[in-house]
Structure formats: structure tokens, C-alpha cells
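**Q** need a structure here:
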Amino acid sequence: MRSLRQVARPWLAYVVAGSVVIGVYFLLPFNTVGQAVLYDAIGASSVVAVLAGTTVCRPAKRTPWYLFAIGLAAFVVGDVIFNLYAYAWHRNPPTPSVADVFYLLGYPFLAGGFALLILDVRRAERRAGVIDAAILSTAFGIVQWIFLMARLVHSADRGLRVDAAYTGMDVVLLSGLAVFLLTPSWRAPAYRMLTASLAFLLVADEVFATNPNHYGNASWNDALYLLSYVVWGAAALHPSMVKLSTRRRGTRPRLSTPRLAVLTAALLTAPFVLVLQRLLHERPAVVTIAVGASLVAVLSLARLAGLVRAVDSSRHQLESQNEQLRAADRLKDEFVAVISHDLRTPLTSIMGYLELALDSDAVPEPERGYLKVVDRNSARLLRLVNDLLFVARFEAGEMDLTFVELDLGAIVRQAVEESLPRAAAKAIRLTGETDDALMVSADRGRMFQLLDNLLGNAIKFTPEGGRVEVRLHGDGDGDAVRLEVSDSGIGVAENDQLHLFERFFRASNTRGGTVPGTGLGLYIARAIVEAHGGTIGVDSRPGKGTCFRVDLPLVREPAPSAAEFVA
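**A** Residues are numbered from 1 along each chain as shown. Just a heads-up that it's a prediction; the model follows:
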């Protein structure tokens with residue numbers, strides 16, 4: 001870590017110093033020895049910077065950076081030889097010259113360095129990036145050949161034919177840049193600097209190839225070459241360069257919007273070139289366009305096949321994971337059912353003996369108080385066990401229901417009456433209002449369980465001195481009966497209402513142990529309502545109370561009166 005801190009600033013100092021020197025370069029008299037020496041010195045400094053950064057930062061893979069240094073050094077040697085012709089030997093360099101040999105020799109080393117960095121990307125991501133880069137490079141090659149290289153290659157000027165070699169190397173370099181851009185899973189500053197330096201070099205080469213005075217010195221295009229040198233050295237000096245040599249976990253191949261835009265442009269290259277040649281009154285390069293378009297099509301099919309395979313693989317993996325989750329869920333439900341069943345038997349026995357002990361006059365009053373505490377907690381534990389057993393059976397599709405015609409109003413009145421002691425213990429005003437002879441086809445025990453859960457929730461989450469109201473009435477159309485349980489309690493947030501009827505869910509304002517509960521009551525209530533062909537909903541605002549609404553279908557056939565049914 002100490003070495004990284006040591007190089008945290010030199011990269012910035014090098015960029016600033018390099019920019020200043022580039023400015024000085026253009027302030028010096030054009031076509032002078034001093035200007036040529038300064039140009040060569042800037043290039044040589046980038047080689048030193050790359051070697052220094054590699055030595056100090058110690059990336060996991062140094063070979064790519066050594067290849068960069070060799071490629072840049074080849075460019076610098078070419079610069080020196082080119083300037084020797086002009087200022088030492090005082091003659092124009094031959095075509096091709098030794099300088100051209102070194103210039104062209106540098107490109108493969110740079111491309112090789114990028115290739116080694118790309119090898120650290122995950123295989124699937126690298127393959128997708130290589131195909132995408134090949135599509136882009138092919139499209140660029142079509143344009144490059146038709147509008148630039150063909151003219152240079154078939155020119156009688158040997159210098160222009162040498163320039164054609166540079167434009168060909170640009171295609172190779174663009175391929176490396178494209179793969180580098182499309183495959184990595186990191187976005188470090190050193191990565192961005194390398195991309196910028198390579199872009200400067202490519203643009204400078206393209207301008208150089210189209211410049212008739214391609215052997216002239218101190219042109220504005222030199223700024224691009226010099227910036228490429230400086231930014232490349234800065235990338236090597238930046239501490240983040242170690243990340244480019246570290247194997248990173250990639251992402252699954254996908255078509256992002258920028259990548260899709262680039263590939264779309266590549267696929268439209270052939271028709272664009274045909275239209276442009278027509279507008280320029282040039283003879284269409286049919287063979288070049290046909291070969292290039294065919295290659296782009298084949299590569300696009302390969303890319304599409306890779307995407308289809310990736311989608312299929314993801315789908316199979318998701319199906320396998322879902323099946324594992326379903327199996328785990330089934331095992332969990334079975335476990336809960338077994339445990340709940342095994343717990344209920346000893347609990348029932350404990351509560352039976354507690355009842356006998358409390359009925360006995362032989363138990364002293366202090367011990368009787370202890371036994372009452374045990375009895376209350378045993379009853380609470382038994383309710384929890386019953387709830388768990390209900391959930392397990394419901395999830396397994398084993399909930400037993402015995403449907404009979406019931407006067408729901410009578411059940412509501414009885415449930416309210418049984419809940420009065422709990423409400424009185426918190427000074428809560430509990431009231432009920434029901435219509436007469438509202439007959440439903442339902443399971444009597446489950447209706448009491450439904451009302452007990454809703455009333456229990458309302459009383460539990462209503463502060464002392466509050467109110468709870470129960471209303472039962474027809475919906476007006478004679479098709480259903482509506483049960484409403486409202487309170488003046490703490491309420492439920494809107495986001496929590498979406499999950500209120502899920503298993504084990506508890507609203508955010510009830511967590512933290514302030515209000516005991518398991519999050520099963522409302523889930524069970526929903527299960528009972530839906531098993532009876534009804535619906536349940538909630539309307540609540542934090543601090544303003546909550547209202548649960550249950551709609552159940554009415555029995556249309558004649559039914560016995562409420563009095564007769566209760567009797």
C-alpha cells in the first residue's frame with residue numbers, strides 16, 4: 001500500500017509537466033533542432049514513465065506494460081531517425097525509410113499489450129467483446145479501405161503506399177481498442193487514460209494519412225501524437241493501473257444501450273457506404289462491400305447465438321434455482337408442520353394439568369399467581385403452534401373446511417362479546433353493529449378464528465383509551481356481506497400495506513420488540529377469507545388508525561332465522 005501512495009501524485013505531475021512542455025514545443029520556432037529534440041524527449045519520457053510505473057506499482061501482470069513500453073520506444077526511435085534525416089543528414093528520408101519500419105513495428109506491440117490485458121476478463125465476456133470488436137473493426141475497415149486505403153495502395157507515390165500501411169495498422173489498433181472498450185469489467189482511471197491515449201494516436205494517424213504534406217514537422221497534428229505519449233505514461237504512473245492486471249469477476253454478456261448503438265452503426269455501414277458513393281458519383285466498391293457486409297453478418301449471427309445460449313443458460317439456471325427454492329420451501333413447511341404437531345400434544349397436556357392445579361384449593365395464593373403466568377404463556381404458545389400448523393397445512397393444500405349456513409351477525413356479536421375483557425384491560429371502547437339474518441356458507445370455527453385475528457390485531461395495536469369498531473352489513477346489491485373492523489391505533493404505512501398479508505411480515509412501526517407478534521395473523525385471515533370465496537383489504541394511515549374490510553358471498557337460498565340457528 002505504501003508504494004501506491006507514493007505514486008498517487010506523480011501521474012498528475014507528469015500530465016501537468018507534459019502539457020506545459022507540449023505548449024513550449026509549439027512556442028519554439030518551427031522546423032528547428034530544438035523543437036525536434038523536445039518532441040523526441042516527450043516521447044522518450046513516456047517510455048520511462050511506463051517502465052517506472054510498472055516497477056513501482058508492481059501489477060500482477062507486467063508483460064502488457066512492457067509491451068507498451070517497447071511499442072512506444074519503437075515510435076520514439078522512428079521519431080529520432082526521422083529528425084536525423086531532416087536536421088543531421090539534411091535530406092528527405094527515402095520511401096519507405098528505416099523510420100517507417102520502427103513506426104510500423106510499434107503497433108503490434110501495443111496491440112499485444114491490450115490483448116494480454118483482455119485475457120484477464122471472464123471467458124464469456126471476453127468472447128462477446130471480441131465478436132463485437134470484430135464487427136466494429138470490419139465496419140471501420142470497409143470505410144477505411146474504400147475511402148482511404150484503396151487510393152493509397154494503388155497510388156504511384158511510394159510515400160502514399162507507405163501511408164496505406166499505417167491506415168492498415170490503425171484497423172488493427174482499433175480492434176484492440178474496441179475489445180478493450182467492450183470487454184473489461186473495471187473502469188479505473190488508468191483504463192480511461194489508456195483509452196484516451198489510443199484514441200489520440202488513431203485520430204492523429206487518420207489525419208496524417210490524409211495530409212498531403214505527410215513529412216512536414218510541427219503541424220497541429222503533432223499535438224495529438226504528443227498527447228498520446230503523455231497520457232500513456234500517466235496511465236502507467238496511476239495507482240489504478242494494477243487493477244487492469246487483476247482478474248476481475250465479469251458480468252454476463254448483454255447488449256447495453258451504447259453497445260447496441262455501436263453494433264447498429266456497424267450493421268448499417270454497408271448501405272451507408274453505398275449511398276455515400278452514389279452521392280459522390282463514385283463507382284460502388286461492390287466486392288469490398290459484399291465481403292465486408294457478409295463478414296459483419298456472420299459475426300452478428302455468432303453474437304446472436306452467444307446471446308441465445310446465455311439466455312438459455314440463465315433460464316435453465318433460474319429454473320434449477322427455483323426448483324431448489326420450492327423444494328426448500330416444502331421442506332420448511334413439512335418441518336413446521338411436524339414440529340407444531342409434536343409441540344401441541346405436550347402443550348395440551350401441560351395446560352390440562354395447569355387447569356387442574358388452578359382449580360385445586362390446595363395451591364397457596366402466591367403459587368397460584370405463578371401458575372396463572374405459566375397458563376397465560378402456555379396459551380400464547382399454543383396459539384402460536386396452532387398458527388404455524390395452520391400455515392403449514394394451508395400451504396400443503398390440506399386445510400379442512402366444513403361449510404354450513406351461518407348467521408354471520410350472531411358470530412360477530414359473540415366474537416365481540418368474548419373480546420370485551422381484552423379491550424377493557426386497555427380501556428379500549430369496543431363496539432359492534434350488525435344487520436340481521438346475514439346468512440353465509442362458511443366454516444364456523446374458521447369464522448371465529450378470522451374475527452379473533454382481526455379483533456386481536458385491532459386491540460393489540462390500539463393505544464389505551466382508543467376505540468375499536470366492528471360493523472357487519474350487506475353490500476346493497478344483495479350479493480355479499482361486508483365485515484369491517486376499524487381502530488384508532490398506530491396505523492400502517494402505505495409501503496407496508498402491500499405486504500401486510502404475507503407470511504411473517506410485520507409492519508415497520510411494529511418491529512423492534514415494542515409490540516409482540518409473529519406476522520401470521522393477517523396471513524391466516526387472508527387464507528380463511530379466500531378459502532370462503534371472499535376478499536380482504538385494508539385502508540390505513542400512520543397514526544390515524546386502520547380499517548380491514550372483508551367481503552363474503554351471501555347465501556341466496558332461504559335460511560333459518562338467527563334465533564333458530566343460535567339455538
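**Q** contacts and neighbour counts: CA atoms only from here.
**A** Fine.
**Q** got any ranges where the stretch 1-150 of the chain has weak pLDDT?
**A** Along the stretch 1-150 of the chain, segments meeting pLDDT under 70 span 1-8, 120-126, 129.
**Q** can you do 80?
**A** Residue ranges of the stretch 1-150 of the chain with pLDDT under 80: 1-8, 95-96, 115, 117-133, 136, 144, 147-150.
**Q** which residue, other than its chain neighbours, is closest to Ile524?
**A** Val391 (7.0 Å; Cα to Cα, 6 or more residues apart in numbering).
**Q** neighbours around the one you found, how many?
**A** If you count neighbours by other Cα atoms under 10 Å, Val391 ends up with 22.
**Q** what's the answer for Val291, then?
**A** Counted with other Cα under 10 Å, Val291 comes out at 13.
**Q** next one: the one 5 residues further on
**A** As a burial measure, the neighbour count of Val296 was computed by other Cα under 10 Å and equals 26.
**Q** can I assume it is in contact with Leu268?
**A** No. Between Val296 and Leu268 there is no contact under Cα atoms under 8 Å: 10.0 Å.
**Q** quickly list what's touching both of those two.
**A** Counting by Cα atoms under 8 Å, 6 or more residues apart in numbering, no residue touches both Val296 and Leu268.
**Q** any idea of the pLDDT on the residue nearest to Ile524?
**A** pLDDT, Val391: 71.
**Q** how near is it to Gly537?
**A** Using Cα to Cα, to the nearest Å, Val391 is found at 20 Å from Gly537.
**Q** residue boundaries of the helices in the stretch 201-350 of the chain?
**A** 222-237, 257-267, 269-279, 286-359 (DSSP state H, counting those that start in this stretch).
**Q** buried deepest among the ones you listed, which one?
**A** Stretch with highest mean neighbour count among the helices of the stretch 201-350 of the chain: helix 222-237 (a mean of 25; mean count of other Cα atoms under 10 Å).
**Q** give me phi/psi at Gly537?
**A** phi -140, psi 170 (degrees, to the nearest 10).
**Q** what bridges to it?
**A** Arg549 (DSSP bridges).
**Q** what sits against it?
**A** Going by Cα under 8 Å, 6+ apart, Gly537 touches Phe548, Arg549, Val550.
**Q** just how off-centre is stretch 62-73 within its chain?
**A** When C-alpha coordinates are averaged (Cα atoms, centre = their mean, to the nearest Å), stretch 62-73 and its chain have centres 36 Å apart.
**Q** out of the helices of the stretch 201-350 of the chain, flag the one nearest Val80.
**A** With respect to Val80, and counting by Cα to Cα, the nearest of those is helix 222-237 at 14.1 Å.
**Q** state whether Glu484 is indeed within a strand.
**A** Yes. Assessed by DSSP: H, G, I helix; E, B strand; the rest coil, Glu484 belongs to a strand.
**Q** in JSON lines: the helices of the stretch 201-350 of the chain, plus distance to Ser441.
**A** Formatted as JSON lines, the helices of the stretch 201-350 of the chain follow (distance: least, Cα to Cα, whole Å):
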{"stretch": "helix 222-237", "distance to Ser441": "78"}
{"stretch": "helix 257-267", "distance to Ser441": "57"}
{"stretch": "helix 269-279", "distance to Ser441": "71"}
{"stretch": "helix 286-359", "distance to Ser441": "28"}
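**Q** the nearest residue to Ala235 once chain neighbours are set aside: neighbour count?
**A** Excluding its sequence neighbours, the residue lying closest to Ala235 (Cα to Cα, 6+ apart) is Ala190, at 4.5 Å. The local packing of Ala190 (other Cα under 10 Å) involves 24 other residues.
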